[in-house]
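Visitor: missing the sequence, but the structure's below:
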């Protein structure tokens, strides 16, 4: 398997095709993020005042799955704008070496965000209002909910969110250079995680995932970064509530 950077993509032949850059642009960003917002709004059906009432475990599972699905909806909407080759979004084969780099980078991101979160919690009362508390409810609901939480958070969500935020947003902003592409897309990624104490750690993960994607030319090492970070939550539940979760 091999990978080349996105800047080395060759546009289709023909004057019209050559005049338009292959890299996605602002239309894909706008449509993709709008698709994400529209898809995410469906969660209001299951909220506190929504028509569908769910217990905490079921609601946590729905939210865990929805984040990945919404990301794929946003990516699909962005892709439909001009139907560029998937390689233009970084959806291309890569090497095992780059996947290993993604895993190691994910561990680095996990350590960095854990330290940042600990610092924020130590100086604030954010711990009492954990925005990811529903995931703990889902993972702690038994063996099957724990497995489903792992599948949704560690596989579905990284694929959905990386395809949209790195595949679309980062690749589009990289036309303005690595600094804008990596930091700009990571800021967007962080804001979409909510204005809470998760924002700084989401930005950290975004920066590392975006840089790994930029250097490898493939979305899959970035998915590995995201997977390592999202695996931490169900593993934490398993280690701390192992008996009740099983």
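Guide: Cool, got the structure. Note that this is a predicted model, so its numbers are computed, not measured.
Visitor: sec struct for the most centrally placed residue in the chain, please.
Guide: In the chain, the centroid-proximal residue (CA atoms, centre = their mean) is residue 161; its distance is 3.1 Å. Three-state assignment for residue 161 (DSSP: H, G, I helix; E, B strand; the rest coil): helix.
Visitor: next one: the one 5 residues further on
Guide: Following three-state DSSP, we place residue 166 in the helix state.
Visitor: one step back: if I look at the residue nearest to the centre of the chain, how far off is residue 123?
Guide: Distance of residue 161 to residue 123, computed by CB to CB, to the nearest Å: 28 Å. The way it works is simple: take the backbone N, C-alpha and C, and place the C-beta from them, glycine included.
Visitor: likewise residue 224?
Guide: 32 Å.
Visitor: same deal with residue 42?
Guide: Residue 42 is 36 Å from residue 123, by CB to CB.
Visitor: With neighbour numbers in mind, choose between these two.
Guide: Comparing residue 42 with residue 123 by other CB atoms under 10 Å, the one with more neighbours is residue 42, at 14 against 7.
Visitor: what's the nearest residue to that one once chain neighbours are set aside in contact with, if anything?
Guide: The shortest distance from residue 42 to any non-neighbouring residue, by CB to CB, 6 or more residues apart in numbering, is to residue 66 (7.2 Å). Going by CB atoms under 8 Å, 6 or more residues apart in numbering, residue 66 touches 39, 40, 42, 43.
Visitor: Quick check: pLDDT value at residue 66.
Guide: On pLDDT, residue 66 comes in at 94.
Visitor: roughly how far apart are it and residue 76?
Guide: If you go by CB to CB, the gap between residue 66 and residue 76 works out to 15 Å.
Visitor: How about residue 222?
Guide: In terms of CB to CB, residue 222 sits 18 Å off from residue 76.
Visitor: of the two, who's got more company?
Guide: Set side by side, residue 222 and residue 76 show more neighbours around residue 222, with 33 against 16, by other CB under 10 Å.
Visitor: Can you tell me the element the more buried one falls in?
Guide: helix 220-240 (DSSP states H and E).
Visitor: Summarise which helices and strands that helix is packed against.
Guide: Packed against helix 220-240, as judged by 3 or more CB pairs under 8 Å, 6 or more residues apart in numbering; DSSP states H and E, are the following elements: helix 96-123, helix 133-139, helix 143-151, helix 157-161, helix 198-216.
Visitor: What separation is there between residue 146 and residue 133?
Guide: Taking CB to CB, one finds residue 146 at 16 Å from residue 133.
Visitor: that older thread, any idea which of the helices and strands packed on helix 220-240 is most buried?
Guide: Mean neighbour count, computed with mean count of other CB atoms under 10 Å, is highest for helix 157-161 among the helices and strands packed on helix 220-240, reaching a mean of 25.
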